[in-house]
Structure formats: structure tokens, C-alpha cells
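Model the following, please.
(one chain, ligands or ions: 2)
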Amino acid sequence: MKIKISSLSDGVHNFNFDESVEELGLEEPFHGNFKVDVELNKLHNQIILNANLTLNANFDCDRCNKNYDDVLTSSYQMVYLSGTEPIDNGAINIIYLPFDADKIELDNDVRDYALLAIPMKKLCKEDCKGLCSNCGKNLIEGDCGCEHNTVDPRWLPLNELKNKLNNN
Ligand SMILES: [Zn+2]
Ligand SMILES: [Zn+2]
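Numbering: from 1, shown residues only. Ligands and ions are numbered 1, 2, ... in the order given. Below you'll find the model as predicted:
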């Protein structure tokens with residue numbers, strides 16, 4: 001993804017990209033096409049770029065193991081300045097362009113922010129209940145009828161005693 005800037009007038013410009021994740025070099029969990037909506041604001045030797053990413057991904061749920069599709073979004077801002085980069089440039093969101101630069105490249109930034117969009121916790125549903133520890137049924141599909149209240153271990157001896165008494 002490139003944006004030609006050599007003949008760009010001052011002001012706001014919009015660009016839309018729609019490409020396959022393979023073209024960007026992204027692998028699993030990403031699949032299909034992704035979109036990048038770019039708003040670019042040019043003022044003299046400065047360009048402020050705002051990008052919104054939309055990607056399709058496929059995960060296995062951390063709780064119930066079900067495979068599910070998800071749409072991930074991510075956004076970032078990048079400032080492009082003309083000139084030589086100062087030695088102490090610690091700003092990660094500022095890129096220095098040579099004065100004769102005719103385009104800006106988006107691939108690396110889009111790839112980085114796509115990877116950042118992968119959630120730490122992958123859940124098929126916000127309230128996924130996971131699998132029943134007793135029968136293994138996916139509790140999102142309905143209750144299995146098992147007892148899900150775990151018994152406080154301190155009461156176990158008492159329960160045993162009760163069973164004994166009932167059997168006699
Ligand atoms: Zn789940
Ligand atoms: Zn069960």
C-alpha cells in the first residue's frame with residue numbers, strides 16, 4: 001500500500017485499501033481481505049495520517065475450544081515530516097521523509113498494528129461459559145443438567161457421614 005504524495009495538495013484526503021492478508025504477508029489467524037481507511041491531512045511539510053484497519057481472523061475459543069470467526073479493528077496515527085531525522089528521535093509515531101519523497105509506504109505499519117489487534121483472551125462470546133467439567137458439553141448450547149456448583153471440600157466429610165446414616 002502506497003500513497004503518492006508528490007502532487008498532493010494541502011488539506012484532507014481520503015484513501016481506501018482493500019487487499020488480501022497474503023499480499024501483506026500476514027498469516028494465521030488472519031484470513032481473507034482486510035480494509036484500511038486512511039485520512040491524510042497535509043500541511044506544508046507535514047502529513048498527519050490516521051488509519052483504521054478492519055481484519056478477519058479465525059480463533060479457537062480459550063474457554064470452550066470452539067473455532068470462531070472474528071472481525072478485528074485497529075487504528076493508529078502517524079506523522080510524516082520532511083527532513084532529516086534527529087539523532088535522538090525517540091518518537092515511534094513520527095517518520096522522517098526525504099524532501100524529495102514522492103510516496104509513503106503503509107505496509108509495515110499496517111502489519112504491526114494488525115498484529116496488535118489480536119486479543120490476549122480469545123473468546124467465542126464475551127460470556128462463553130466453557131465446557132462442562134463433568135460431561136464436556138459446550139454450555140453455550142444449553143445446560144447439560146449436571147451439577148455445576150462445586151461442593152466446598154470442607155463439607156465432604158459431613159456429606160459422607162450423612163450418606164452413611166441414610167444407608168443404615
Ligand atoms: Zn467459547
Ligand atoms: Zn455436564
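
Would you mind naming what in the chain lies close to ligand 2?
132, 134, 135, 144, 146 (CB under 5 Å from the ion). Yep, even glycine has a C-beta here, placed from its N, CA and C like the rest.

Counting neighbours, what do you get for residue 110?
23 (other CB atoms under 10 Å).

ok, now residue 40?
By the measure other CB under 10 Å, the count of residues near residue 40 is 20.

show me the contacts for it.
Contact analysis of residue 40 by CB atoms under 8 Å, 6 or more residues apart in numbering lists 3, 8, 12, 13, 14, 15, 47, 48, 49, 50.

go on, residue 114?
Residue 114 sits in contact with 24, 26, 30, 34, 53, 55, 72, 74, where contact means CB under 8 Å, 6+ apart.

Can you pull the phi/psi pair for the spatially most central residue of the chain?
Nearest to the geometric centre of the chain sits residue 117, at 2.2 Å (CA atoms, centre = their mean). Residue 117 adopts backbone torsions of phi -80, psi -10, taken as degrees, to the nearest 10.

just the strands in this structure please.
2-4, 11-20, 30-43, 46-60, 67-82, 94-97, 103-105 (DSSP state E).

pLDDT below threshold where in the protein?
For the chain, the stretches with pLDDT under 70 are 89, 149-156, 158-159, 167-168.

Alongside ligand 1, which residues does the chain contribute?
61, 63, 64, 66, 124, 128.

one more time with 6 Å, if that's ok
61, 63, 64, 66, 123, 124, 128 (CB under 6 Å from the ion).

Tabulate those (JSON lines), appending distance to residue 103.
Below are these laid out as JSON lines (distance: CB to CB, whole Å):
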{"residue": "61", "distance to residue 103": "41"}
{"residue": "63", "distance to residue 103": "45"}
{"residue": "64", "distance to residue 103": "46"}
{"residue": "66", "distance to residue 103": "43"}
{"residue": "123", "distance to residue 103": "40"}
{"residue": "124", "distance to residue 103": "41"}
{"residue": "128", "distance to residue 103": "44"}
